[in-house]
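S.K.: Got a predicted structure plus its sequence, pasted below:
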Amino acid sequence: MPPNGDFSPIMASAISKGPLRRSSPAMVQEVSRAKKAEREERLAKRPEWRLEAAGAPELTDVSKLPSSQLTQRERDVVGLDATALADTIRTRRYTAVEVLRAFCHVATIAQDLTNCLTEVFFDEGLRRAEELDRHLEETGEVVGPLHGVPVSIKDHILVKGHDTATGYVSWAFRTVAEKDAVAVDILRKAGAVIYVKTANPQTLLVRDRRAAS
């Protein structure tokens, strides 16, 4: 774990509560259902963003499906890299809200296809995007080099107010961050908009050296 406290304290706290003890299958299933229900409740608020058709069952490459339901303008937005996105928002070709809505749309479809999201906080992100648009309108200045750029965060990194389960069912609902990780704090100060957390393998695929020898 890194020495700067980005996520090691919350993991230590979780371990001290005993999340790594063997749980009954029924308990694991109950927690899993609750976490999925929480996420589904948030996604269901915007049915217009959901996947309309998953494609043929034999389809193995779904990489083009997330953008297939987008409008042309949304496709233009999500096709830009971070530098170009920041520039189009700064020059007011797009608003931060419009950009984030396009990314939320494509993220919802990707979730329906691949189960890639762990935490969904679109409303929180949209409120921040509105603040950034208002700031640009009132001052003519951007907050920072990433003003309005949507950024997703991996599940093991702290985002204030959200779970940090790191792929463990037994850590779900027990590792809600009280502060942002240093990296997330830097991103926010640069103007980035945090809107989802994405899945990672349990313990980031850490292996016991003894098992590997």
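M.R.: The structure has been received and is ready for your questions.

S.K.: So residue 30 versus residue 47, what's the distance?
M.R.: 27 Å (C-beta to C-beta, to the nearest Å). The C-beta positions use only the backbone N, C-alpha and C, and glycine is treated the same way.

S.K.: Looking at these two, which has the bigger crowd around it?
M.R.: Comparing residue 30 with residue 47 by other C-beta atoms under 10 Å, the one with more neighbours is residue 30, at 13 against 8.

S.K.: Helix or strand: which one has residue 195?
M.R.: Assessed by DSSP states H and E, residue 195 sits inside strand 193-198.

S.K.: May I see the buried residues of that strand?
M.R.: Buried residues in strand 193-198, counted by 16 or more other C-beta atoms under 10 Å: 193-197.

S.K.: Save those residues as CSV, and put in distance to residue 173 too.
M.R.: Listed next are the buried residues of strand 193-198 as CSV, based on distance: C-beta to C-beta, whole Å:
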residue, distance to residue 173
193, 25
194, 20
195, 21
196, 18
197, 14
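
S.K.: so who does residue 52 touch?
M.R.: residue 69 (C-beta atoms under 8 Å, 6 or more residues apart in numbering).

S.K.: where does it fall, helix, sheet strand or coil?
M.R.: coil (DSSP: H, G, I helix; E, B strand; the rest coil).

S.K.: I'd guess residue 153 is in a helix, am I close?
M.R.: No. Secondary structure of residue 153 (three-state DSSP): strand, not part of a helix.

S.K.: All further residue positions should be reported with the first residue as 599.
M.R.: Taking 599 as the first residue, the last one we looked at is residue 751.

S.K.: Now that it has come up, it's in contact with residue 791, right?
M.R.: No. Counting by C-beta atoms under 8 Å, residue 791 is not a contact partner of residue 751; they are 11.2 Å apart.

S.K.: sorry, back to before: out of the buried residues of strand 791-796, the closest to residue 669 would be?
M.R.: Among those, residue 793 lies closest to residue 669 (C-beta to C-beta), at 19.1 Å.

S.K.: Relative to residue 706, how far out is the closest one?
M.R.: 11 Å.

S.K.: Kindly report the same for residue 713.
M.R.: 12 Å.

S.K.: now residue 627
M.R.: Look at residue 627 and residue 706: by C-beta to C-beta, they are 25 Å apart.

S.K.: quick one on the thing from earlier: give me the more crowded residue out of residue 713 and residue 706.
M.R.: Set side by side, residue 713 and residue 706 show more neighbours around residue 706, with 24 against 11, by other C-beta under 10 Å.

S.K.: What pLDDT is listed against that one?
M.R.: pLDDT for residue 706: 97.

S.K.: cool, residue 659 as well?
M.R.: As predicted, residue 659 sits at a pLDDT of 87.

S.K.: ok, now residue 670?
M.R.: Per-residue pLDDT puts residue 670 at 97.

S.K.: Can you report how many residues neighbour residue 802?
M.R.: By the criterion of other C-beta under 10 Å, residue 802 has 11 neighbours.
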